[in-house]
Every structure is written in C-alpha cells, then in structure tokens.
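Undergrad: Could you work out the structure for the sequence below:
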Amino acid sequence: MTWLNKLRPVSFQRKLLGYSLIVSIVPVLLVGLLSSFLASRSLQNEVNGNHKYMLDQVEKQLSQFIASLRVSSINIATSLAVERTVRDGPSIDNLTNSLEMNETIRRIRSSSPIPYNVSMILRNHRNYLYSNAFETSSRPMQRLAPILDTWMPKANEPFLVPANTFDDQPDMLLYSPVPIQTSYTQGVLVLHVNPQDILRFLGSLELANRTKLMVADEQGRIVISNQEEQMGKRLEDFKDLYANREKAVLQPVTIDLEGVAHRLRAKTAASGGWTYYVMTPAEVFSRQVNRIQWITWGLVGILTFAWGGVALFASRWLYRPIDRLSRKVLPVRPEAPRPRDGLDALDSYLHELVDTNQTLLSRLKEQFPYLKQGFFHQLLKGELSENDFLAEAERFHFRPAGGAVFVCVAQTDRVDLFRETYRGKDRGLIHYALLKMLEETFHAFPSCLAFTPETGQVVLLIGTEDDPAGRQGSGEGEMLERLIRCADEARGHALTYFRFPLSIAISSRLEGYEAIARGYEEARSLLRHRLALGENATISAGRLDPGLNRSTQQLVELQKRIVFHLVHGNAEESRRLLAGLREELTATPVPPDTARALFAYLLGELDYTLQQSGCDLRDRFGLDPYEPLYRLQSVNELEQWLSDEMIPAVQEALSEQTVSRQKKMVHQVKAFIEERCEEDLSLQMAADHFDLSVSHLSKIFKEEAGVTFSEYVLEWRMSKAREWLEHTEMPIKEIAARLSYASVQTFNRIFKQTCGMPPGEYRKQKRAAS
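TA: Here you go, the predicted model:
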C-alpha cells in the first residue's frame, strides 16, 4: 500500500492524465511486447526448422556419400584383376594383371559421383605400396600401414579414418581388405577422399549465416566438418559442445564454441552411430531479432507518442467540467493561491460545507428557543402581519385556531423575589415548568400558545373557534368565564406547587392574530391594577372599574418618573416626586397591602433598571430594598426611608459605575493602540472605533492614563522600536515603515529626541553591552 499512499498527494488532473496514458499506451506496449515476442519466437522456430531440415539433408547426403564410397570400395576389392594383383604381386611377369587392375580402378572411379584416389598395400608382398595419385615414398603413403596397425580393425570390417586424424593424413581414408573375405592379411584397399570434395558434395545445403556443420562418429571423432581444420578432432576438444551433445539431440541449446555463442541442434543417425551437429552463431539470430524489435518498438514509440498526445488532450477535455465547476463554486480568495487539484478542492469545500451545515443545524437547534422567542417578540410588538404569522407558525409547531384570540399575561407579583430566588439555569427551569403548567391548565381551548417574554412573565395566546351565527355576544361572555376559571385554577397551582403568588390579566376579544400586540399592551396595563387590587388576582378588561383604571395609571406614571430621574442623577426631582406619591396615597384611602404592592412595584422597577445598567445594590451594599416594606408601618416612614437611604445608595452606586466604565474604556483604548501600533493611528480613528466623541475620549484618556493619546502612541512605538533594535536584525528602514513613519529621517529624529541617541547607535550600544 506504500505506492497508493504516494499517489494520494497527486492531483486528480494528473491522475486523470496518468490513467489516460495508461489506458492508451499500455495496450500499445502490450501489443509491442507480444509482437516482439511472437516475432522472436517465429524467427527462432524458423531457425530450428532450418537446422532440422539441414540435419535431415546432411544425413541423407552423407548416407549417399558413404554408401557410394563403400560400393566403389567393394567393386574395386572384388575385382578379379585386383585380387590377382594382390595374390601374384607386382612383377614384370604379372604386368598384364597390373594393367588390368589400373583399368578396372580407372573405370570404377570414373563412374563414381565422388572423386577419390586409390592406394593399395600388399601385405603379403612386404607391404608393397600402390597408388594412382601419390608417390609411394611420400609421407601420406608411408603413413597408411601404421594407421592400419594403429586402428586394428575387427576381421574383414571396413573402416573410415577421418581426415587429419593422424599426422600427415590430410584426406579421409576408407580401408577395405582384399580379397574382401580376408582379415587385412593379404592386401588392403585404401580410398582417399579430399575434404574439399566432401564439402563440394555437401555444397547444395547452402550453409548461410556462418552456420557450422559437424559429423562425429560413435567414438566422438569429427568425420566431416565444413571447416577442414576441425576434421579428425575429437568432440572433447570442444568442451561446451561435448557437454551438451545429448541435450542438443532433444532440443536446441546455446553453447560457447571458440568464444562465440552458437545455437546447436544435433541428430543421431538411425544406423551407423554417427551424430550430425548444426550450429549457427547466436548473434545472427540476435541481430535479426534486434532488427525486428527495433522496427516493432519504433512503431510502438510512434503510436505511444500519438496516443500520449491524444491522452493529454482527452484528460484536459475531461477535466474541463471540474475546472469550470470549481471556478463557479469555490469562494474567491485573492490572498490564497489557486488550488492545484480542483476535485480535491471541491471535495474539501463540500466536506467543509457539510460540516458547516451540520454545525449551523446544531446551532440552529440550540438557538431555536431563542428564535421562537424572537418570533413571539415580533408578534407582541406588532411587527408581523396575519399572513406572516400563519406562515411562520408552522415552523414553530403551532396550529392557530380560526376564530377569536385572547391574550393572557401571567406574571409573578414579586418579580424581585423571583429573580433573587431563581438564578441561571434554575430560572430557565422554573420558567419552563410554569409555562407547561399554564399550557396544561388551558389545554381545553382549541389552541394555546405559551412563551416567556420577560423574567417572571408568561404570555398565553388562546385561540377559539368561530362563534355560531347569532351567538357573538353570549359566546364571548361564556369564553371569558371559562378563561377566568382557568386563570383562577392556574393561580392556585402556582401557590401550591411554586410557592409564589401569580396574577393573570386577560385582554379583550381580538379578531385575528394581527391584533395580538394591542391585546398584549392591554393585558400589561391591566396588571398595573394590582396596586389597587392586591396580589394573586385575575384581572380582565370587562370586570375592571374605570375609576380604578385611571387612578392606577396615574400612580404607575408617577413611579416611572421617579425611577427615571433617579437613574439619570436627578435625585432632588426624585425626592420631590416621591413626596407627591406619598401625598397621593395619603389623600386616597387604599388598603395597606395595596400601598405595599405600590412601593414593591416601584422598588422592582428601580432594581430592574439598575441591573440593566450593570449595578446590583445587594452585591455592593448588602442592601435588601424589600425588607423595610414589611418592617415600616406607615407610608411616611416608607417615603423617609427611600429618601434618606435608598436614593443616596443609588447615587453612590451609579457614580462608582461611571468611574469603573471610564477605566475599562481607557484600558480597551490602550489595547487598541498596542494591537494597531503598526498602523497610522489617530484619535479620530479610536473614537470612531469605540463610538465616542473625540473630546470625550481625549478627556477620559488624559484623566486615566496621565498622558495624552498621541503621547501614549509615541511611547508605545518607541518601546517597540527599542525592542526590535535590541533583539532582532530588522533594518532601521523596515522598523520605520512598520511603525508607520513617513521616512527614515523622521523616525531617526523622533527616536533621538525620545531616547537621546540615534537608533543605529542605540543598537550598537545594546549589542556591545550584551
């Protein structure tokens, strides 16, 4: 698998090119290999066939040659003239016999297809020598008798002596006894055959391509060879040939003959025991094979080059859709180099897209409750039309009824205590439990949608079916009674299970969901009447006294004005309005619980507003604003406590908060300067970044940092310059450019004014010291 791992970094375009080249070139290469192999095999089979044919022809012609030579030998040996000459011997008295013998020999020689010479040894006449062509005193003639003695034939068996078997024996000799039935005791007939005549006899074989021919007898002597100097030698003189002589009979083998590789094929004659060897130099075969291979591979190269061009064009053409798709789909990033592999880039982009979608879906599921809350907030603010609401309701798994709508707002009467008791996740859990309890209580209505827009508050949208014709008024009254009964039941459950009082306000009948914002504001305004009605109340628009409504509205407006002026630092106006609230409560008889509820609402508004500003009175002063409500006995005491203790505490907390915010802002500005010291910073840029005025930012920065904005920027840049000069090899020109100086001269001048020496001298001094 290592090569697969190495292929992974290769781009798809290159892989496509590689696969195209493989698909187009490999078949050509395989065809070339197969053609070369078949051509070599065919040539080898042709050479082997030629060798076999040559061996068959040699065997046939040599058989004819030897047979013809033996016939001539027998004819001469059985001639009466020759027998008489052997019996009577050479003498003047037997001249007639000698002449007849010469004539007989001449006649038999002339009828033979093979030229040969005749010699005779008269052993019974002191080894008298006779020859038709040689001098009796010549060395070849003198060697005839010793050769016969050395050979020692069996009885009257004729025998053949290959040329050059003995010294001074250039011809091939055929010995026969005369008379033929004797055992070489009286006369010996010797036929001399010149090797050249033998080769001429075999010339019809046309031994081309430096092919060598050898014929060896059963003793391993080379009887005939197309190279005359090899006749008479033994096969042992050619070691590789001798070692493979038996294998060559079965199949062609390669041998080393006189330092040259030859292809050898042999055949053993069916009779006579001779073995025929044909050898062709391997280089002849190799040269022809190489020529065929060169031609074949030349054609393969041309086809490979052509198909390579086709594959290159085809791969680019096939890759073009991927390239177009990557250009269209992949985001354009000027700073990023173009991806080397469009398919990998698309794959990575799609994986990234899928992962991003999964992440977004996961986050969407996490944020779904908040989206739902946002949808409901839009609904309560009147930012959604009827059609928009119906279109979005399905996404939030809400099926609204087709009739009228009532808005019910359930809110805890002690919001401050609710916030104090339930914090973090506990508050979310109690909201969820309260919401589910209300949904369960109002489940009998056609549709009920509940959500939590504020802390301690649950809004219910109660949908009803269309009223039958003629029952509009009576139907609305019955529906309102059912809502009030359910609201009373829900308040009882809240006291039983959650241990806190709950008031529920029910709006008027609304025709369609588009009017929900109006119904919500109506229900919230109804909750203000808790100041007069007390805690744990069910309030509906149809059962409210108009005078009480006007009185409650005035008191609520007065409370909001008190909180507004106190939070904005106008303590004296808050005290004056607080005194007016005391006089209003004193002039209008109200129950004690109602008065306490009024002040509790005031404190709740104040506490909520301060917490929104990041201020918590309990954490700073250990002050519980609700404890005096149950300890003090009169409205005057409550007004005195608020004026003398609560208002000063709020003033001090707001003052400290202002100072703390100023320090935090200056700290952020410093971090902004340090982060962007290499940019062309200005006070205006920092003011725009933090959404402040230039004068205000300059003022608070000077108060907190002790230096101006420009002085701090200069000090920070010089500290960075000293650091780079001391610890890096950065050129002074580059330092000046990175610190946004217009020129090196300006940087040198400012650095010298600040540090007392030029930057180059400063670097040398610090390096020398270290």
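
Undergrad: tell me the SS of the nearest residue to residue 166 once chain neighbours are set aside?
TA: In space, and not counting its chain neighbours, residue 166 is closest to residue 147: 5.7 Å by Cβ to Cβ, 6 or more residues apart in numbering. The way it works is simple: take the backbone N, C-alpha and C, and place the C-beta from them, glycine included. Secondary structure, DSSP: H, G, I helix; E, B strand; the rest coil: residue 147 is helix.

Undergrad: I figured residue 147 was touching residue 172, is that so?
TA: No: Residue 147 lies out of contact with residue 172 (Cβ atoms under 8 Å); the separation is 11.8 Å.

Undergrad: Show me the common contact partners of those two, please.
TA: Shared contacts of residue 147 and residue 172 (Cβ atoms under 8 Å, 6 or more residues apart in numbering): residue 161.

Undergrad: Would you mind measuring from residue 674 to residue 536?
TA: 58 Å (Cβ to Cβ, to the nearest Å).

Undergrad: For those two, indicate the residue with more neighbours.
TA: Using other Cβ atoms under 10 Å as the criterion, residue 674 and residue 536 rank with residue 536 on top: 17 against 13.

Undergrad: who are the neighbours in contact with the more buried one?
TA: Counting by Cβ under 8 Å, 6+ apart, residue 536 touches 413, 491, 495, 501-503.

Undergrad: That one: what secondary structure?
TA: Secondary structure state of residue 536, per three-state DSSP, is coil.

Undergrad: same question, residue 406
TA: Residue 406 is classified as strand under three-state DSSP.

Undergrad: what bridges to it?
TA: Beta bridges link residue 406 to residue 462 when assigned by DSSP bridges.

Undergrad: Go ahead and confirm it touches residue 483.
TA: Yes: here residue 406 reaches residue 483: they are 6.0 Å apart, a contact under Cβ under 8 Å.

Undergrad: More neighbours: the two, which one.
TA: Neighbour count, other Cβ under 10 Å: between residue 406 and residue 483, residue 406 has more, with 25 against 22.

Undergrad: measure that one to residue 511 for me?
TA: Going from residue 406 to residue 511 by Cβ to Cβ gives 11 Å.

Undergrad: same thing with residue 137?
TA: 160 Å.

Undergrad: swap in residue 712?
TA: 64 Å.

Undergrad: hmm, who's touching stretch 20-39?
TA: 289, 292-293, 296-297, 299-300, 303-304, 307-308, 310-312, 314-315, 318.

Undergrad: repeat that with 10 Å
TA: 288-289, 291-319 (Cβ atoms under 10 Å, 6 or more residues apart in numbering).

Undergrad: And it, what's buried?
TA: Within stretch 20-39, the residues scored as buried using 16 or more other Cβ atoms under 10 Å are 20-21, 24-25, 28, 32, 35-36, 39.

Undergrad: circling back: and the residue nearest to residue 166, what does it touch?
TA: For residue 147, the contact set (Cβ under 10 Å, 6+ apart) comprises 140, 159, 161, 165-166, 168-169, 173, 175, 190.

Undergrad: and the helix or strand hosting residue 246, what does it pack onto?
TA: Assigned by DSSP states H and E, residue 246 falls within helix 245-250. If you count contacts as 3 or more Cβ pairs under 10 Å, 6 or more residues apart in numbering; DSSP states H and E, helix 245-250 packs onto strand 253-257, strand 260-268, strand 275-281.

Undergrad: Quick one: closest of the ones you listed to residue 604.
TA: Smallest distance to residue 604 across the helices and strands packed on helix 245-250 (Cβ to Cβ): 113.6 Å, for strand 253-257.

Undergrad: Alpha carbons of the closest one, as CSV, please.
TA: Extracted C-alpha coordinates of strand 253-257, given in CSV (Å, rounded to 0.1, in the frame of the first residue of the first chain):
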residue,chain,number,x,y,z
VAL,A,253,20.7,-25.4,-26.9
THR,A,254,23.1,-22.5,-26.7
ILE,A,255,26.8,-23.3,-26.4
ASP,A,256,30.1,-21.5,-26.4
LEU,A,257,32.2,-22.5,-29.4
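
Undergrad: So which of the helices and strands packed on helix 245-250 is the most surrounded?
TA: The highest mean neighbour count among these, using mean count of other Cβ atoms under 10 Å, belongs to strand 275-281: a mean of 24.

Undergrad: what angle do that strand and strand 253-257 make?
TA: Going by axes from the mean of the first three to the mean of the last three Cα atoms, to 10 degrees, strand 275-281 is angled at 80 degrees with respect to strand 253-257.

Undergrad: okay, the angle between strand 275-281 and strand 260-268?
TA: Interaxial angle of strand 275-281 relative to strand 260-268 (the same axes, to 10 degrees): 160 degrees.

Undergrad: Counting by contacts, list what whichever helix or strand comes after strand 275-281 packs against.
TA: Later in the chain than strand 275-281, the nearest helix or strand by DSSP H and E is helix 282-329. The contact analysis (3+ Cβ pairs under 10 Å, 6+ apart) places helix 282-329 against helix 12-77, strand 253-257, strand 260-268, helix 342-381.

Undergrad: and the closest residue to residue 433 other than its chain neighbours, how many residues sit next to it?
TA: Distances taken as Cβ to Cβ, 6+ apart place residue 498 nearest to residue 433, at 7.5 Å, with adjacent residues excluded. As a burial measure, residue 498 scores 17 neighbours (other Cβ under 10 Å).

Undergrad: Help me confirm that residue 498 comes into contact with residue 436.
TA: No: judged on Cβ atoms under 10 Å, residue 498 makes no contact with residue 436 at a distance of 11.9 Å.

Undergrad: In terms of pLDDT, where does residue 243 sit?
TA: pLDDT, residue 243: 82.

Undergrad: That one contacts residue 255, doesn't it?
TA: Yes: if you go by Cβ under 10 Å, residue 243 and residue 255 touch, sitting 7.9 Å apart.

Undergrad: so who does residue 149 touch?
TA: Residue 149 sits in contact with residue 184, where contact means Cβ under 10 Å, 6+ apart.

Undergrad: Name the next helix or strand downstream of whichever helix or strand residue 647 is part of, please.
TA: According to DSSP H and E, residue 647 maps onto helix 647-675. Downstream of helix 647-675, the first helix or strand assigned by DSSP H and E is helix 683-689.

Undergrad: list the buried ones in the next helix or strand after that next one?
TA: Once the chain leaves helix 683-689, the next helix or strand it forms, by DSSP H and E, is helix 694-705. For helix 694-705, burial by neighbour count (16+ other Cβ under 10 Å) applies to 697-698, 700-701, 704-705.

Undergrad: Would you mind listing which of the contacts of residue 147 are buried?
TA: 140, 159, 161, 165-166, 169, 173, 175, 190.

Undergrad: Can you report how many residues lie near residue 708?
TA: Neighbours around residue 708, by other Cβ under 10 Å: 13.
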